[in-house]
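Visitor: The sequence and its predicted three-dimensional model are supplied below.
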Amino acid sequence: MLVACNTGPLISAFQSQSVPLLLGLFEEIHVPASVVAELQDHGWGDEFASAQQFVCLELTIAEQRRAKRIVAKIAKLSGDGSPAALHHGEADAIVLAQRTKPAYDLLLLDELAARSVAQSLGLVITGFPGVLLLAVEQGQLKPDDVRRRLETCRQQGTHYGIKFIQSVCAEAQSRWRQP
């Protein structure tokens, strides 16, 4: 499975030592250069560079123009007054996922406003919690592992609320097929 990815799901994977899980689930994980820059700013550049399945791609000029329009949509939808510049990685990942060559199976994206824009464009998306649920379905994680990983991310500053974690864990329990 080939996926495009934004910063958030990768940071969560790094925080919770879930990168091997991601690399086991996906053939390659493509990220735009803006996401690599964000990862470096957050201190995860070396970890990103060490995995061969992570591939950094540049956007074309036309794609950069489309991304600027998407940035404005995300900023407007977020409604939190955050500067549009905070949404470049998300917009770039959305534009990358729209490419037809190669065709992406999935876009990994956590932020709600960006997810809304991506869905309106017909993209298939999930976030880091969805990746964990996929791993549960495939028997690679147990429901308790999901809780532990999400709690680890929350403790390190990722905005996963307690009720959200509980709902993801309930979903993991419903998808769990004991061997």
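Guide: Good, I have the coordinates.

Visitor: so what secondary structure elements neighbour the top helix by length along the chain?
Guide: Longest helix in the chain, counting residues (DSSP state H): helix 61-78. Contacting helix 61-78 under the criterion 3 or more Cβ pairs under 8 Å, 6 or more residues apart in numbering; DSSP states H and E are the following elements: helix 88-97, helix 112-120. Placement of C-beta: from N, CA and C, glycine included.

Visitor: Which SSE is immediately downstream of the shortest one?
Guide: Remark: after helix 112-120, the chain's next helix or strand is strand 125-126, criterion DSSP states H and E.

Visitor: Also the longest one?
Guide: On the C-terminal side of helix 88-97, the nearest following helix or strand under DSSP H and E is strand 106-108.

Visitor: List the buried residues of that next one.
Guide: 106-108 (16 or more other Cβ atoms under 10 Å).

Visitor: closest to L77 among these?
Guide: Among the buried residues of strand 106-108, L107 lies closest to L77 (Cβ to Cβ), at 16.4 Å.

Visitor: how about the spatially closest residue to the closest one that is not a sequence neighbour, what does it touch?
Guide: Once flanking residues are discounted, L107 sits nearest to A97: 4.0 Å by Cβ to Cβ, 6 or more residues apart in numbering. By Cβ atoms under 8 Å, 6 or more residues apart in numbering, A97 lies in contact with 4, 104, 107, 118, 123.
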